[in-house]
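[1] Quick one: sequence plus predicted model below, questions after.
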Amino acid sequence: MTYYGPKELAASFRTVRNNTITVAQDIPEDKYSFQTAPGARTVAQTLRHIAAAPRLALQIHRAERRRTIEGFDFPSFMASSIAAEQADTSKAQIVETLRTSGDDIADWLGGLTDDFLAEEVSFPQGMMPPTKTRFEMLLGLKEHEMHHRAQLMMIERMVGVVPHLTRQMQERIAAMQAQAQAGKAGA
């Protein structure tokens, strides 16, 4: 019995992507060129990277359904991915790409089977671990995006934006405090 299958994987990816889209919308477009340090990605580059990075997993697991990574042409694929990361230029384009690519990925994840997610994919000799399940590899899509979204949330603070998750928590705390005060006044 599993507790986390294709439906849950799709739902959790949608949650992560929707939070990323909210961060992308909350950061003013004039801050999309903000860079934390020389050589670091700008806000726009980070968002484009988030949108383009799943292409690798989709190529391996959806397009080719590879059972081994041995022989995969990483240099050519990475060159095309870098080009894809440069495609969108405006905030509106980036947000729309995040939305459409996120919907595509989540729809695909939700339609997978437990058997497909349990399949092992082997890595070239010497890599550790030597194999991973498709589930573990596809869960990495969400983990990768959350890593970069955490960077963006720190950048939000740096450019004067309170992250939406913080705002939501503050609203819940304020509502609980107001409810507690109302309870004391009514007693």
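    Arrived safely. Numbering: from 1, shown residues only.
[2] Run through who's touching stretch 115-128.
    5-6, 9, 60-61, 66-70, 129-135, 137-138 (C-beta atoms under 8 Å, 6 or more residues apart in numbering). No exception for glycine: its C-beta is placed from N, CA and C like everyone else's.
[3] Can you give me the end-to-end span of that stretch?
    Distance across stretch 115-128, first residue to last, is 23 Å (C-alpha to C-alpha, to the nearest Å).
[4] Stretch 36-55 now?
    One end of stretch 36-55 sits 26 Å from the other (C-alpha to C-alpha).
[5] can you check stretch 125-143 too?
    With C-alpha to C-alpha as the measure, stretch 125-143 spans 25 Å from end to end.
[6] Then stretch 56-71?
    Terminal-residue distance, stretch 56-71 (C-alpha to C-alpha): 14 Å.
[7] Offset the numbering so it begins at 25, please.
    Done: numbering now begins at 25, and the last item shifts to stretch 80-95.
[8] ok so, going back, show only the entries of the contacts of stretch 139-152 found in strands.
    Members of these lying in strands (criterion: DSSP state E): 155-157.
[9] Could you identify which of those has the most neighbours?
    By neighbour count, taken as other C-beta atoms under 10 Å, the most surrounded of the ones in strands among the contacts of stretch 139-152 turns out to be Lys156 (18 neighbours).
[10] hmm, back to that, for ChimeraX, what selects the buried ones among the contacts of stretch 139-152?
    Buried members of these, defined by 16 or more other C-beta atoms under 10 Å, are picked up in ChimeraX with:
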select :29,30,33,84,85,90,93,156,158,159,161,162
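[11] Give me the contact list for the lowest-mean-pLDDT helix or strand in the chain.
    The weakest-scoring helix or strand in the chain, judged by mean pLDDT, DSSP states H and E, is helix 98-109 (a mean of 88). With contacts defined as C-beta under 8 Å, 6+ apart, helix 98-109 is touched by 69, 72-73, 75-77, 79-80, 83.
[12] Let's see that with 10 Å instead.
    Here helix 98-109 makes contact (C-beta atoms under 10 Å, 6 or more residues apart in numbering) with 65, 68-80, 83-84, 97, 121, 125.
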